[in-house]
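Visitor: need a structure here:
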Amino acid sequence: MLKQIHCDKFAPGHQTIDFSSGLNTVLGNDGGSNAIGKSTFLWIIDYVFGGDSYYSLSDDIKSEIGPHTIFFVFEFEGKPHYFYRNTEDPKNVYRSDKDYHLIEKLSLEEYRALLYQEYSIGLPMLKFGEITERFFRIYGRKNTLEKYPLLIKPREQDEKAVDFLMKFFGHSEILTSIKTMEEELGVKALQYKSKQRQQVDIEKIEMNKKAIESLKVRLQKLMKSNEDAQLAMFGFDTQSFERITKIQKELNHFNRKRNRLQSEVNAIKTNISDSKSEISDEFHSLTHFFPDANLKAFEEIEQFHVKIRKILNDEMHQEIIQIQPLIYQYDKEIEVLNAKIEDSGLAKEMSERVLSQCVNVSKSIDKLEEETAELIHQKELQEARAQAENKMENLLSMQTEKLEEIQEAVNYKMKIINGIVTEQHETAPKLQITPKKEIFFETPGNTSEGTAFKSLVVYDLSILELCPLPTLIHDSNIIKRIEDIHLEHILERYQSSRRQIFIAFDKADSTTEKAHEILEDTTILRLSDGNELFGRSWSKYKSSN
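Guide: Predicted structure coming up:
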């Protein structure tokens, strides 16, 4: 908790202010004087809690007081922690020893993180400053609208305030998941509506697949079918067909004969022996193993074999010489028949038609495959989107459930606190949060100003008791509007709080006796005309004398 604030620029009687747990009151005089420093001191408390509005909020302090240093002490688990901030260096906080000798320099974010840790906030999706700016209600800050206690400023969207509550109640993981799904679906959750989408034609995919298979079979037949079948396929006239068929048969006949003769020639060439082998050398190598072998006898036998092979080779060469002219003659006949087919023009036309058909069939296959691939892709996207939409529906349902839990918890707590504050005589304020994150806050049957401010305080006290709110600040512009009959019990609630609460108040004598007693007992700084925070009020008329 905050234990002490010290500033040499404060009036001599106020340079060191000590704080206690529970309620801490900055009390003005009974005349209700303004411009004595009550709100300014609350801004200084905001400043030591990591706020950045003090000194930048008012040009008067800059011009009248000038740069100055605020020293302050926090106590965590019974151990004091010393710090100071200088108004000329607002982005840094300095940790020090008890005599305010520098230990280390902290950036403002590092300092806020330290307070976040020491106050055991434990909500990683929220920063310390995001919490305090909503519940440090000081004159000059735009979060004091009595009818809209959840909003940090008049034009803040309800959604942002609701998201803060979700995080403050520990449900940030749902918000994170919804944000991820928003990015995946390309639509904000509040704009999301599950609607009937155009379905991909599954039957069309199957029909295309069958058509593709059929076309591939046709293409294969076009590429493999013999010429007779191709001629019939393209519808040539009977006489042309018969003539070409006859030529084709003759051509096939000569091709077979020619190929047979060529096979014989190839076989003969393969069987012709090589007469250049060095057999004598091989025989002489035998003497290494058989020294007494009669090599001359072996050589005579081998010479006989050579003569026989020569005779056979001569006969085979002669046979080749006899066959080759027949092959040549068949080649001539084949060439003549091919020329007749070519001169008819049918072969070329047939090839062009086959090629044209192949191209057309291939194009049809490509087109169908492309269309089918796109349909399958759309089907996959449709299935993925359906899964994403289903996940989004579940997340939104979970969010609605958690919002209802939050709403129920806050309303229940406000009912208890309001019952104590009004002694069960008045209706409790009611919070309603719709699934679309619209906020409705009202006190049914009572629209008076006093009730509205009382309800704002009741809401803050409920959050203070339900969530890890480190501390609470209420300025006099909130407190003084609450009816005296209710103020006494609110002060009692402040005073009994386990956490520090800072308020500013004036006209203590106009309250009930019990309220006056609480205000006096909890006063940590008393200000009045002639006893201002900085020792003077620059808003008062200055005499030229």
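
Visitor: what sits up against stretch 171-180?
Guide: With contact meaning C-beta atoms under 8 Å, 6 or more residues apart in numbering, stretch 171-180 is reached by 123-126, 163, 166-167, 189, 392, 395-396, 398-399, 402, 406. From N, CA and C alone the C-beta is placed, and that goes for glycine too.

Visitor: avg pLDDT for that stretch?
Guide: Throughout stretch 171-180, pLDDT has a mean value of 90.

Visitor: got the buried residues for that stretch?
Guide: Of the residues in stretch 171-180, His171, Ser172, Ile174, Leu175, Ser177, Ile178 count as buried by neighbour count, 16 or more other C-beta atoms under 10 Å.

Visitor: Likewise for stretch 364-383?
Guide: Quick answer for stretch 364-383 (16+ other C-beta under 10 Å): Ser364, Ile365, Leu368, Thr372, Leu375.

Visitor: just those residues now: which is nearest Tyr328?
Guide: Ile365 (46.0 Å; C-beta to C-beta).

Visitor: so which helix or strand takes in the closest residue to that closest one other than its chain neighbours?
Guide: Nearest residue to Ile365 in three dimensions, chain neighbours excluded: Leu215, at 4.9 Å (C-beta to C-beta, 6 or more residues apart in numbering). Assigned by DSSP states H and E, Leu215 falls within helix 202-224.

Visitor: From the contact counts, what lies against that helix?
Guide: Contact partners of helix 202-224 among helices and strands, from 3 or more C-beta pairs under 8 Å, 6 or more residues apart in numbering; DSSP states H and E: helix 346-421.

Visitor: after the helix it packs on comes which helix or strand?
Guide: Counting by DSSP H and E, the next helix or strand C-terminal to helix 346-421 is strand 430-433.

Visitor: re earlier: same list, the buried residues of stretch 364-383, but as JSON lines with distance to Phe254 please.
Guide: Output for the buried residues of stretch 364-383, formatted as JSON lines (distance: C-beta to C-beta, whole Å):
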{"residue": "Ser364", "distance to Phe254": "40"}
{"residue": "Ile365", "distance to Phe254": "39"}
{"residue": "Leu368", "distance to Phe254": "44"}
{"residue": "Thr372", "distance to Phe254": "49"}
{"residue": "Leu375", "distance to Phe254": "54"}
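
Visitor: quick check, nearest of those to Asp52?
Guide: Leu375 (57.7 Å).

Visitor: So the closest one versus Asp366, what's the distance?
Guide: Noted for Leu375: a distance of 15 Å to Asp366, by C-beta to C-beta, to the nearest Å.

Visitor: my guess is Leu375 contacts Asn208, does it?
Guide: Yes. Counting by C-beta atoms under 8 Å, Leu375 does reach Asn208; the two are 7.3 Å apart.

Visitor: ok so, going back, so which of the buried residues of stretch 171-180 sit within strands?
Guide: Among the buried residues of stretch 171-180, no member falls in strands (DSSP state E).

Visitor: Closest one of those to Pro149?
Guide: Closest to Pro149, out of all of the buried residues of stretch 171-180 and judged by C-beta to C-beta, is His171, at 20.1 Å.

Visitor: Okay, strands next: where are they in the protein?
Guide: Counting by DSSP E, the chain has strands at residues 2-6, 16-18, 23-27, 69-76, 79-86, 92-96, 102-107, 136-137, 430-433, 439-442, 471-474, 500-505, 523-526.

Visitor: Run through the neighbouring helices and strands of the third one.
Guide: For strand 23-27, the helices and strands in contact under the criterion 3+ C-beta pairs under 8 Å, 6+ apart are helix 38-48, helix 484-495, strand 500-505, helix 513-521, strand 523-526.

Visitor: Quick check: Thr176 vs Ser497, distance?
Guide: Distance of Thr176 to Ser497, given as C-beta to C-beta: 32 Å.

Visitor: how about the strands of the chain in JSON lines, adding mean pLDDT and distance to Ile311?
Guide: Output for these, formatted as JSON lines (pLDDT from 0 to 100; distance: least, C-beta to C-beta, whole Å):
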{"stretch": "strand 2-6", "mean pLDDT": "97", "distance to Ile311": "128"}
{"stretch": "strand 16-18", "mean pLDDT": "97", "distance to Ile311": "136"}
{"stretch": "strand 23-27", "mean pLDDT": "96", "distance to Ile311": "134"}
{"stretch": "strand 69-76", "mean pLDDT": "97", "distance to Ile311": "121"}
{"stretch": "strand 79-86", "mean pLDDT": "97", "distance to Ile311": "122"}
{"stretch": "strand 92-96", "mean pLDDT": "97", "distance to Ile311": "117"}
{"stretch": "strand 102-107", "mean pLDDT": "97", "distance to Ile311": "111"}
{"stretch": "strand 136-137", "mean pLDDT": "96", "distance to Ile311": "125"}
{"stretch": "strand 430-433", "mean pLDDT": "96", "distance to Ile311": "116"}
{"stretch": "strand 439-442", "mean pLDDT": "95", "distance to Ile311": "119"}
{"stretch": "strand 471-474", "mean pLDDT": "97", "distance to Ile311": "125"}
{"stretch": "strand 500-505", "mean pLDDT": "96", "distance to Ile311": "129"}
{"stretch": "strand 523-526", "mean pLDDT": "96", "distance to Ile311": "138"}
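
Visitor: Domain-wise, how is the protein divided?
Guide: 2-151+472-526, 223-347 (automatic domain parsing).

Visitor: Return the most buried member of those domains.
Guide: With neighbours taken as mean count of other C-beta atoms under 10 Å, the domains of the chain reach their highest mean count in domain 2-151+472-526, at a mean of 18.

Visitor: distance between the ends of that domain?
Guide: This stretch, domain 2-151+472-526, spans 18 Å end to end (C-alpha to C-alpha, to the nearest Å).

Visitor: Distance from the chain centre to it, please.
Guide: Averaging C-alpha positions (C-alpha atoms, centre = their mean, to the nearest Å) puts domain 2-151+472-526 39 Å from its chain's average.

Visitor: residues in contact with Glu492?
Guide: Taking C-beta under 8 Å, 6+ apart, we find Glu492 in contact with Lys514, Ile518.

Visitor: Tell me the confidence at it?
Guide: Per-residue pLDDT puts Glu492 at 96.

Visitor: Residue ranges in the stretch 101-250 of the chain under the pLDDT threshold?
Guide: Across the stretch 101-250 of the chain, residues meeting the criterion (pLDDT under 70) sit at 186-198, 200-201, 219, 222-245, 247-248.

Visitor: one more time with 80
Guide: Within the stretch 101-250 of the chain, the segments meeting pLDDT under 80 span 182, 184-206, 215-250.

Visitor: quick one, helices of it?
Guide: 108-118, 128-135, 158-168, 172-185, 202-224, 227-233, 238-271 (DSSP state H, counting those that start in this stretch).

Visitor: can I assume Ser497 is in contact with Pro470?
Guide: No. The criterion here is C-beta under 8 Å, and Ser497 misses it with Pro470 at 11.8 Å.

Visitor: hmm, back to that, can I get the helix holding Leu215 in CSV, CA atoms only?
Guide: What follows is helix 202-224, C-alpha atoms only, in CSV (Å, rounded to 0.1, in the frame of the first residue of the first chain):
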residue,chain,number,x,y,z
ILE,A,202,-20.7,-32.2,-54.8
GLU,A,203,-22.5,-34.0,-57.6
LYS,A,204,-20.8,-31.8,-60.1
ILE,A,205,-17.4,-32.9,-58.8
GLU,A,206,-18.3,-36.6,-59.2
MET,A,207,-19.8,-36.0,-62.7
ASN,A,208,-16.6,-34.2,-63.7
LYS,A,209,-14.4,-37.0,-62.5
LYS,A,210,-16.4,-39.5,-64.5
ALA,A,211,-16.2,-37.3,-67.6
ILE,A,212,-12.5,-36.9,-67.2
GLU,A,213,-12.0,-40.7,-67.0
SER,A,214,-14.1,-41.2,-70.1
LEU,A,215,-12.2,-38.5,-72.1
LYS,A,216,-8.8,-40.0,-71.0
VAL,A,217,-10.0,-43.4,-72.3
ARG,A,218,-11.0,-41.8,-75.6
LEU,A,219,-7.7,-40.0,-75.9
GLN,A,220,-5.8,-43.2,-75.3
LYS,A,221,-7.8,-44.9,-78.1
LEU,A,222,-7.1,-42.1,-80.5
MET,A,223,-3.4,-42.3,-79.8
LYS,A,224,-3.2,-46.1,-80.0
